[in-house]
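Participant: pasted the sequence and its predicted model underneath.
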Amino acid sequence: VQVVESGGGLVQPGGSLRLSCTASGNIFKAYDMAWYREVPANERELLAIITNDNITNYADSVKGRVTISRDNAGTTIILQMNDLTPEDAAVYYCNAELRHLEHGRFVRNTYWGRGTQVTVSS
């Protein structure tokens, strides 16, 4: 099982960025998937979560500026971020709760991607 983020990079203040996260492997079902971010010396912060029923929830720090969505297959999520500020600069991580086959048995567990760097600077 792999969880891979993409889409990070450098953006100017006020700009937008679209992050993508895809879970792959012998996945039977993807449950909750979420985006977190982390800056040095701070805890990893939950930004947005989407259930397998497409119910979403957002942290107050990003509410109104970000949108989380999910593809029909349920294994890819997108984080659309707008009106970015330097305070949004961080490593953004994807977290996925997955049910998958492992050695012939179904296993349900949560997995992290390796993160994608977002830099907001003029």
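Facilitator: Perfect, thanks for sending it.
Participant: C-alpha only now, for contacts and for neighbours.
Facilitator: OK.
Participant: can you map out the strands along this structure?
Facilitator: 2-6, 9-11, 17-24, 27-38, 45-50, 56-58, 66-70, 76-81, 90-102, 105-112, 116-120 (DSSP state E).
Participant: in a markdown table: the ones you listed, plus mean neighbour count and mean pLDDT.
Facilitator: Listed next are the strands of the chain as a markdown table, based on neighbours: other CA atoms under 10 Å; pLDDT from 0 to 100:
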| stretch | mean neighbour count | mean pLDDT |
| --- | --- | --- |
| strand 2-6 | 20 | 97 |
| strand 9-11 | 16 | 97 |
| strand 17-24 | 20 | 98 |
| strand 27-38 | 20 | 96 |
| strand 45-50 | 20 | 97 |
| strand 56-58 | 17 | 98 |
| strand 66-70 | 21 | 98 |
| strand 76-81 | 20 | 98 |
| strand 90-102 | 21 | 96 |
| strand 105-112 | 14 | 95 |
| strand 116-120 | 20 | 97 |
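Participant: for the closest residue to residue 122 other than its chain neighbours, what are its contacts?
Facilitator: Spatial nearest neighbour of residue 122, chain neighbours left out: residue 12 (5.0 Å); criterion: CA to CA, 6 or more residues apart in numbering. By CA atoms under 8 Å, 6 or more residues apart in numbering, the contact set of residue 12 is 84, 120, 121, 122.
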